[in-house]
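**Q** Just need the structure, nothing else, for what follows:
(one chain, ligands or ions: 2)
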Amino acid sequence: MAKLIIFSAPSGAGKSTLVRYLLSQGLNLRFSISATSRKPRGEEKDGREYYFLSPEAFRERIARNEFLEYEEVYTNKFYGTLKSEVDRNLAEGSNVVFDVDCVGGLNIKKIYGDQALSIFIMPPSVEVLRERLEKRGTDAPQVIDHRLAKAEYEMSFAPQFDVTVCNDDYERAKNEILKLVTDFIKEER
Ligand code: ADP
Ligand code: 5GP
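**A** Residues are numbered from 1 along each chain as shown. Ligands and ions are numbered 1, 2, ... in the order given. Here you go, the predicted model:
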């Protein structure tokens, strides 16, 4: 049976980097493309990183019950997983990888139970988070402050996840994740 792998973390913890690595490992994994009402950042393309929608279009889809889960992560900035996206990937027999916020991650885990593995990526510290976000250079200082304010709150969700992986040393973290996910996909359900 196809599996679901859920990644959540405070912004800047290295989740996208680790997910990108995992997707390149030939494990029959498909990235679940979320919908969002925020604007594309850097090189992001519609239908690749996200389905970019206006806040109005996003609200219409909520009203039509098209989301498995959604969150208003920042004011008027919606993020959500479309049921159609997950159903399509599972029907193909692919394992699905999610990059979602903590609440969304726990909601998906609740829906799929043992078919899903929820992984929390823990940053070494909030200070290191700030350094990484500044170095990444994709967010304005105000946006970085906002993300950090949320980070400590998000870290309080870690114990509710199936596993927590600390992304201190990248090589170690990526090997730990590769093993966790490979073993989970192999398990018979
Ligand atoms: P997220 O998706 O969690 O917001 P990113 O994957 O974009 O985070 O990582 C934030 C920044 O930190 C990126 O510039 C990335 O290259 C860097 N980074 C990721 N993992 C590590 C690590 N273990 N050590 C140092 N820098 C890292
Ligand atoms: P970013 O703007 O950096 O791409 O993402 C901001 C936050 O929204 C991240 O924590 C990311 O994981 C989360 N996110 C992305 N897609 C979804 C989704 O479909 N559902 C939920 N609940 N959160 C999401």
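**Q** where does A149 land on pLDDT?
**A** Turning to A149, the model gives it a pLDDT of 89.
**Q** can you give me the helices for this protein?
**A** 15-23, 55-63, 83-91, 102-112, 126-136, 141-155, 170-186 (DSSP state H).
**Q** Those helices: which one's closest to ligand 2?
**A** helix 102-112 (2.2 Å; C-beta to the nearest ligand atom). C-beta coordinates here come from the backbone N, C-alpha and C atoms, glycine included.
**Q** Any part of the closest one near ligand 2?
**A** Yes - contact between helix 102-112 and ligand 2, assessed by C-beta under 6 Å from any ligand atom, occurs at G104.
**Q** For that helix, report the contacting residues that lie outside it.
**A** Here helix 102-112 makes contact (C-beta atoms under 8 Å, 6 or more residues apart in numbering) with 4, 6-8, 68-71, 79-81, 98, 100, 116, 118, 120, 154, 157, 160-162.
**Q** I'd like to know which of the helices of the chain lies nearest to R38.
**A** The closest of the helices of the chain to R38 is helix 55-63. By C-beta to C-beta, the value is 9.5 Å.
**Q** chain center to the closest one: distance?
**A** Offset of helix 55-63 from its chain centre (C-alpha atoms, centre = their mean, to the nearest Å): 21 Å.
**Q** Counting neighbours, show which residues of it come out buried.
**A** Buried residues in helix 55-63, defined by neighbour count with 16 or more other C-beta atoms under 10 Å: F58, R61.
**Q** what packs against it?
**A** strand 34-36, strand 67-74, strand 77-82 (3 or more C-beta pairs under 8 Å, 6 or more residues apart in numbering; DSSP states H and E).
**Q** want to try a markdown table for those, with mean pLDDT, mean neighbour count and distance to V143 as columns?
**A** A markdown table is the format used below for the helices and strands packed on helix 55-63 (pLDDT from 0 to 100; neighbours: other C-beta atoms under 10 Å; distance: least, C-beta to C-beta, whole Å):
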| stretch | mean pLDDT | mean neighbour count | distance to V143 |
| --- | --- | --- | --- |
| strand 34-36 | 98 | 21 | 15 |
| strand 67-74 | 90 | 18 | 9 |
| strand 77-82 | 97 | 21 | 11 |
